[in-house]
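K.L.:
Sequence below, structure please.
(one chain, ligands or ions: 2)
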Amino acid sequence: MSGKIQAIRGMHDILPEQSPYWRQLENTIIGVIKQYDYREIRLPIVEKTELFQRSIGEYTDIVSKEMYSFTDRNDESLTLRPEGTAGCVRAGMEHGLLYNQMQKLWYIGPMFRHERPQKGRQRQFHQIGIEAFGMAGPDIDAEMILICARIFKVLHLNDVQLELNTLGTPEARRAYRDILVDYFNDHLDKLDDDSRNRLETNPLRILDNKNPAMRDLIESAPSLLEYIDSDSVEHFEQLKSLLDDGGISYTINPHLVRGLDYYCRTVFEWTTDQLGAQGAVCAGGRFDGLVELFGGKPTPAIGCAMGLERLVELVILQDKLTDEPPHACMIMAEGLPVRHGLKLAETLRDKLPDLRLMTLSGGGSFKSQFKRADKSGALVALVIGDDELENQTIGIKTLRDKEPQFSLPVGELSDWLKKTLAAELNLS
Ligand code: ATP
Ligand code: MG
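P.N.:
Numbering: from 1, shown residues only. Ligands and ions are numbered 1, 2, ... in the order given. Next up, the predicted model:
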């Protein structure tokens with residue numbers, strides 16, 4: 001075999017130019033989640049295929065056509081996780097975290113779905129998810145939505161809208177399902193191929209169809225809200241009033257059904273029109289039946305997951321995060337013992353833990369090192385030449401103005417950096 005090996009279609013490298021945005025985004029989101037005292041759970045990326053078949057449901061897009069499943073060396077069918085909830089429930093049950101308890105958890109990591117790659121849609125993508133177990137009331141539904149709202153607020157994303165719906169209990173949904181099937185059967189000639197397939201397997205998903213030719217038919221379909229059980233209606237009313245109290249605006253979207261079988265009652269999605277067709281940045285809902293489906297005691301639960309690729313794109317688009325260039329760059333004359341520069345750099349890192357200090361390893365002429373320092377975006381160059389070495393001083397050249405280079409005794413360097421970079425080093 002010859003030729004270059006390339007990454008798998010739909011699975012992207014996140015390069016150093018992008019990764020600072022990712023790190024800042026992740027830290028910001030996790031910071032908000034911690035304000036609500038949710039705790040991290042770290043889960044395997046590979047699970048038994050059956051876990052997803054049973055929880056997500058056979059007739060969903062994910063299980064029917066998007067999973068990365070393979071047989072391992074023991075002839076066991078395994079799957080790269082397409083989402084985080086199934087694994088979270090599996091782990092929670094396996095370790096006794098769910099039985100008669102309340103748990104508030106979060107996770108982060110890559111998910112895998114064999115979809116058609118396009119803008120905002122990858123085959124490996126990343127989510128941060130939050131899940132709450134053991135709480136049945138609408139207050140936890142509201143909390144989940146408030147967490148999302150706060151995340152978008154601290155990210156300064158004002159163009160993210162909340163859509164809300166209730167699916168009622170599974171029983172209510174089954175009754176509605178029959179009515180919906182009758183309705184679409186009466187209009188078979190107007191259904192596109194995709195919807196015709198879904199009519200047999202997952203008719204509620206037809207409501208989710210984005211094909212403009214189907215819009216009128218879907219608009220006129222009987223509404224799920226009319227068939228919802230009264231307890232679920234009450235739950236929904238209370239949630240809405242909690243959101244009103246919290247100053248959260250939303251629109252009710254009766255066609256928001258979500259792809260996964262396990263949802264009941266509250267479902268929601270946060271969308272933006274800034275990202276083109278893939279505008280959903282976060283989605284979630286209640287899944288009270290899932291723990292029981294896995295053989296546990298009935299356990300109310302609710303969760304949501306946000307797509308990090310889409311959020312990164314959004315914050316970059318809106319210029320809300322900044323790149324992280326080095327603060328300082330150490331330049332050393334050719335031929336001097338490198339040990340001297342390395343030692344000084346380590347001392348500075350001891351004294352100033354927030355300092356991003358780049359050493360120009362590999363040397364080269366002063367001129368080429370200055371060029372690299374300038375290009376790096378660093379604010380100051382710390383220069384060690386023959387004179388500096390001999391006199392125990394350090395040359396300082398600020399790179400973002402025209403001030404001439406000057407020198408300081410080495411012992412005063414860290415204080416000078418502290419003073420000069422106070423704002424950048426969080427020392428103010
Ligand atoms: P979509 O309607 O965009 O296919 P979904 O309903 O399949 O989304 P969920 O399974 O609820 O998505 O996942 C939650 C979030 O994860 C989505 O709102 C989206 O931001 C993100 N997401 C889902 N699939 C992908 C993907 N293939 N590539 C990038 N992000 C994704
Ligand atoms: Mg999808």
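K.L.:
What residues does the protein have near ligand 1?
P.N.:
Residues of the chain found near ligand 1 (CB under 6 Å from any ligand atom) are 83, 113, 115, 120-122, 125, 127, 259, 278, 280-283, 305, 307, 309-310. The C-beta positions use only the backbone N, C-alpha and C, and glycine is treated the same way.
K.L.:
Who are the packing partners of the strand or helix carrying Asp178?
P.N.:
Assessed by DSSP states H and E, Asp178 sits inside helix 170-185. Based on contacts counted as 3 or more CB pairs under 8 Å, 6 or more residues apart in numbering; DSSP states H and E, the elements that helix 170-185 packs against are helix 193-201.
K.L.:
And the helix it packs on, what's buried?
P.N.:
Residues 195, 198-199 are the ones in helix 193-201 that count as buried (16 or more other CB atoms under 10 Å).
K.L.:
And stretch 74-88, by the same measure?
P.N.:
For stretch 74-88, by 16+ other CB under 10 Å, it's 78-88.
K.L.:
And stretch 12-24, by the same measure?
P.N.:
Buried, per 16+ other CB under 10 Å, within stretch 12-24: 21-22, 24.
K.L.:
What average pLDDT does that stretch get?
P.N.:
For stretch 12-24, mean pLDDT rounds to 92.
K.L.:
cool, and stretch 90-100?
P.N.:
If you average the pLDDT values across stretch 90-100, you get 95.
K.L.:
go on, stretch 418-428?
P.N.:
82.
K.L.:
And the closest residue to Arg196 other than its chain neighbours, how close does it get to ligand 1?
P.N.:
Distances taken as CB to CB, 6 or more residues apart in numbering put Leu188 closest to Arg196, at 7.4 Å, once the chain neighbours are dropped. Going from Leu188 to ligand 1 by CB to the nearest ligand atom, to the nearest Å gives 26 Å.
K.L.:
now swap in Arg286 and tell me
P.N.:
For Arg286, the distance to ligand 1 equals 14 Å [CB to the nearest ligand atom].
K.L.:
how close does Gln274 get to Glu40?
P.N.:
29 Å (CB to CB, to the nearest Å).
K.L.:
returning to what we had before: for the buried residues of stretch 12-24, please prepare a markdown table with the additional fields secondary structure.
P.N.:
Output for the buried residues of stretch 12-24, formatted as a markdown table (DSSP: H, G, I helix; E, B strand; the rest coil):
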| residue | secondary structure |
| --- | --- |
| Tyr21 | helix |
| Trp22 | helix |
| Gln24 | helix |
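K.L.:
quick one: which of those is nearest to ligand 1?
P.N.:
Closest to ligand 1 out of the buried residues of stretch 12-24 is Trp22 (13.7 Å), distances taken as CB to the nearest ligand atom.
K.L.:
can you give me the strands in the stretch 1-150 of the chain?
P.N.:
Per DSSP state E, counting those that start in this stretch, the stretch 1-150 of the chain carries strands over the ranges 39-40, 46-48, 68-71, 77-80, 103-112, 124-133.
K.L.:
and the ones you listed, which is most packed in?
P.N.:
Each of the strands of the stretch 1-150 of the chain was scored by mean neighbour count; the highest is strand 124-133, a mean of 22, by mean count of other CB atoms under 10 Å.
K.L.:
Run through the residues that contact the residue of the stretch 201-350 of the chain at minimum distance from ligand 1.
P.N.:
Closest approach between the stretch 201-350 of the chain and ligand 1, counting by CB to the nearest ligand atom: Gly307, at 2.2 Å. Neighbouring residues of Gly307 by CB atoms under 8 Å, 6 or more residues apart in numbering: 120, 125-127, 280-282.
K.L.:
among the residues you listed, which two are most distant?
P.N.:
Greatest spatial distance in the contacts of Gly307: His126 and Ala280, 14.6 Å, computed using CB to CB.
K.L.:
Quick check: pLDDT value at the residue of the stretch 201-350 of the chain closest to ligand 1.
P.N.:
pLDDT, Gly307: 98.
K.L.:
One more: the one 10 residues further on?
P.N.:
For Leu317, the model assigns a pLDDT of 83.
K.L.:
That one contacts Gln274, doesn't it?
P.N.:
Yes - shown here, Leu317 and Gln274 form a contact pair, counting by CB atoms under 8 Å, at 6.1 Å.
K.L.:
Report how many residues lie close to the closest residue to Gly31 other than its chain neighbours.
P.N.:
Among residues not flanking Gly31 along the chain, Val154 sits closest, at 7.8 Å (CB to CB, 6+ apart). Val154: 14 surrounding residues under other CB atoms under 10 Å.
K.L.:
got the phi/psi numbers for Val154?
P.N.:
The phi and psi torsions at Val154 (degrees, to the nearest 10) take the values phi -70, psi -20.
K.L.:
Settle this for me: it is touching Val32, isn't it.
P.N.:
Yes - counting by CB under 8 Å, Val32 is a contact partner of Val154 at 6.1 Å.
K.L.:
Out of the residues of the chain next to ligand 1, list just those in helices.
P.N.:
If you go by DSSP state H, these have 309-310 in helices.
K.L.:
Just the strands from the stretch 201-350 of the chain, written as ranges.
P.N.:
Going by DSSP E, counting those that start in this stretch, the stretch 201-350 of the chain shows strands at 251-252, 264-271, 280-286, 301-307, 328-332.
K.L.:
Any chance of those strands in CSV with distance to Met11 as columns?
P.N.:
Formatted as CSV, the strands of the stretch 201-350 of the chain follow (distance: least, CB to CB, whole Å):
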stretch, distance to Met11
strand 251-252, 34
strand 264-271, 25
strand 280-286, 20
strand 301-307, 15
strand 328-332, 34
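K.L.:
which stretch among these comes nearest Leu399?
P.N.:
strand 328-332 (7.8 Å).
K.L.:
average pLDDT across that closest one?
P.N.:
When pLDDT is averaged over strand 328-332, the result is 95.
K.L.:
How much space separates the residue nearest to Asn158 when sequence neighbours are not counted from Trp22?
P.N.:
Nearest non-adjacent residue to Asn158, counting by CB to CB, 6+ apart: Phe152, 7.8 Å away. As judged by CB to CB, Phe152 and Trp22 stand 17 Å apart.
K.L.:
Pro44 and Gly87 touch, don't they?
P.N.:
Yes - applying CB under 8 Å, one finds Pro44 in contact with Gly87, separated by 6.8 Å.
K.L.:
Give me the common contacts of the two.
P.N.:
Arg81.
K.L.:
Leaving out the residues flanking it, which one is nearest to Gly296?
P.N.:
Met93 is the one closest to Gly296 (CB to CB, 6+ apart), at 5.1 Å.
K.L.:
who touches the one you found in this structure?
P.N.:
Contacts of Met93 (CB under 8 Å, 6+ apart): 99, 291, 294-296.
K.L.:
And Leu146, by the same measure?
P.N.:
With contacts defined as CB under 8 Å, 6+ apart, Leu146 is in contact with 246, 248.
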